[in-house]
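>>> model this:
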Amino acid sequence: MQTIFYTTESSLVAALDVPKGITALVGGGGKTTLMLRLARELSQTGARVIVTTTTNIFPPEGIPVGNPPNAQAVARALLLEPLLCLGKPAADGKLGAPDLSIAVLSQLADYVLVEADGAKRLPLKAPAAHEPAIPREARLVVAVAGLDGAGKPIQETAFRYPLYAALCGKAETEAVTPRDIALVLAHERGQRKAVPKGARFAVLLNKADDEQARKIARAVADELEQYAIERVVIASLGGEKE
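Below you'll find the predicted structure:
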């Protein structure tokens with residue numbers, strides 16, 4: 001397993017080794033920020049990039065948003081703007097999944113980045129029966145966790161906290177430990193749930209904002225060594241929590 005400390009001077013795309021095609025983001029604690037950072041970095045290389053969702057996201061600032069009716073319309077839009085956010089208008093000003101399938105979009109862009117899970121802006125997450133919604137064509141799945149969830153009661157810091165507590169084998173009132181974060185990230189009913197066969201799986205530990213958080217990150221990474229995780233990226237991305 002590789003453990004990589006990401007800095008603003010380095011490449012987030014390189015840290016995660018993002019492949020062409022579909023990358024899906026699951027978990028909590030910074031998926032939207034991660035998606036947009038990757039998208040902007042990729043588009044600066046001249047690549048055609050689409051960001052989208054299989055759940056719901058807020059329209060990002062500074063990126064053209066649309067829901068083209070067919071592949072030809074997407075192709076034309078990418079000629080004018082190589083970075084697009086595609087989705088259907090949903091409740092509360094959010095965007096839902098686009099009308100065109102993610103598989104079709106991946107035929108038109110070099111990279112399609114998909115937010116495939118929701119966490120209600122909480123650092124940690126355990127998936128319900130219907131979650132996550134990962135496209136079966138995804139080549140990379142990145143599980144995100146916010147380090148600011150460590151040390152807090154499960155019921156305060158994890159979305160779907162009864163499920164999170166059950167995976168950890170703990171009471172909902174007990175505090176989250178680095179072991180718990182690693183366990184849920186790697187668990188087949190946690191963040192590793194529904195990862196397509198043949199897809200790579202990586203972890204991003206976000207909110208490593210100070211030395212104490214970095215110490216927690218190193219402890220989580222140490223715990224992840226026992227699971228078949230390709231790489232762990234430790235970062236302080238700031239921005240959106242979701």
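
>>> quick one: low-confidence parts of the protein?
239-242 (pLDDT under 70).

>>> can you map out the strands along it?
2-5, 21-27, 49-53, 65-66, 83-86, 88-89, 95-96, 111-115, 124-125, 140-146, 158-159, 200-206, 231-234 (DSSP state E).

>>> list the contacts for the closest residue to V26 other than its chain neighbours?
With Cβ to Cβ, 6 or more residues apart in numbering as the criterion, V26 has its nearest non-adjacent residue at 4.0 Å, and that residue is D117. C-beta here means a position set from N, CA and C on the backbone, and glycine is covered the same way. By Cβ atoms under 8 Å, 6 or more residues apart in numbering, the contact set of D117 is L25, V26, G27, G28, K31, T55, K125, P127, E131, P132, A133.

>>> which residues of the protein fall in helices?
For the chain, the helices defined by DSSP state H occupy 12-16, 31-43, 71-80, 102-108, 154-157, 161-168, 178-186, 211-224.

>>> Can I get the ones you listed in a markdown table including mean neighbour count and distance to G93?
Formatted as a markdown table, those follow (neighbours: other Cβ atoms under 10 Å; distance: least, Cβ to Cβ, whole Å):
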| stretch | mean neighbour count | distance to G93 |
| --- | --- | --- |
| helix 12-16 | 19 | 27 |
| helix 31-43 | 22 | 14 |
| helix 71-80 | 14 | 21 |
| helix 102-108 | 18 | 22 |
| helix 154-157 | 18 | 26 |
| helix 161-168 | 20 | 27 |
| helix 178-186 | 23 | 30 |
| helix 211-224 | 18 | 31 |
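
>>> Make TSV from those helices and add distance to A235 to it.
Formatted as TSV, these follow (distance: least, Cβ to Cβ, whole Å):
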stretch	distance to A235
helix 12-16	7
helix 31-43	8
helix 71-80	28
helix 102-108	25
helix 154-157	19
helix 161-168	22
helix 178-186	15
helix 211-224	9
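
>>> To R192, which of those lies closest?
Of all the helices of the chain, helix 178-186 sits nearest to R192, with 5.9 Å by Cβ to Cβ.

>>> Next, the angle helix 161-168 makes with the closest one.
Orientation of helix 178-186 against helix 161-168 (axes from the mean of the first three to the mean of the last three Cα atoms, to 10 degrees) gives an angle of 100 degrees.

>>> Show me what helix 178-186 is packed up against.
Packed against helix 178-186, as judged by 3 or more Cβ pairs under 8 Å, 6 or more residues apart in numbering; DSSP states H and E, are the following elements: strand 124-125, strand 140-146, helix 161-168, helix 211-224.

>>> Of all those, which one is nearest A91?
Comparing those by Cβ to Cβ, strand 124-125 comes nearest, at 20.7 Å.

>>> hmm, back to that, output the strands of the chain in JSON lines; the columns should cover distance to D180 and mean neighbour count.
Output for the strands of the chain, formatted as JSON lines (distance: least, Cβ to Cβ, whole Å; neighbours: other Cβ atoms under 10 Å):
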{"stretch": "strand 2-5", "distance to D180": "19", "mean neighbour count": "16"}
{"stretch": "strand 21-27", "distance to D180": "14", "mean neighbour count": "27"}
{"stretch": "strand 49-53", "distance to D180": "27", "mean neighbour count": "27"}
{"stretch": "strand 65-66", "distance to D180": "37", "mean neighbour count": "14"}
{"stretch": "strand 83-86", "distance to D180": "34", "mean neighbour count": "24"}
{"stretch": "strand 88-89", "distance to D180": "36", "mean neighbour count": "14"}
{"stretch": "strand 95-96", "distance to D180": "31", "mean neighbour count": "20"}
{"stretch": "strand 111-115", "distance to D180": "24", "mean neighbour count": "27"}
{"stretch": "strand 124-125", "distance to D180": "8", "mean neighbour count": "31"}
{"stretch": "strand 140-146", "distance to D180": "10", "mean neighbour count": "27"}
{"stretch": "strand 158-159", "distance to D180": "9", "mean neighbour count": "26"}
{"stretch": "strand 200-206", "distance to D180": "13", "mean neighbour count": "25"}
{"stretch": "strand 231-234", "distance to D180": "16", "mean neighbour count": "23"}
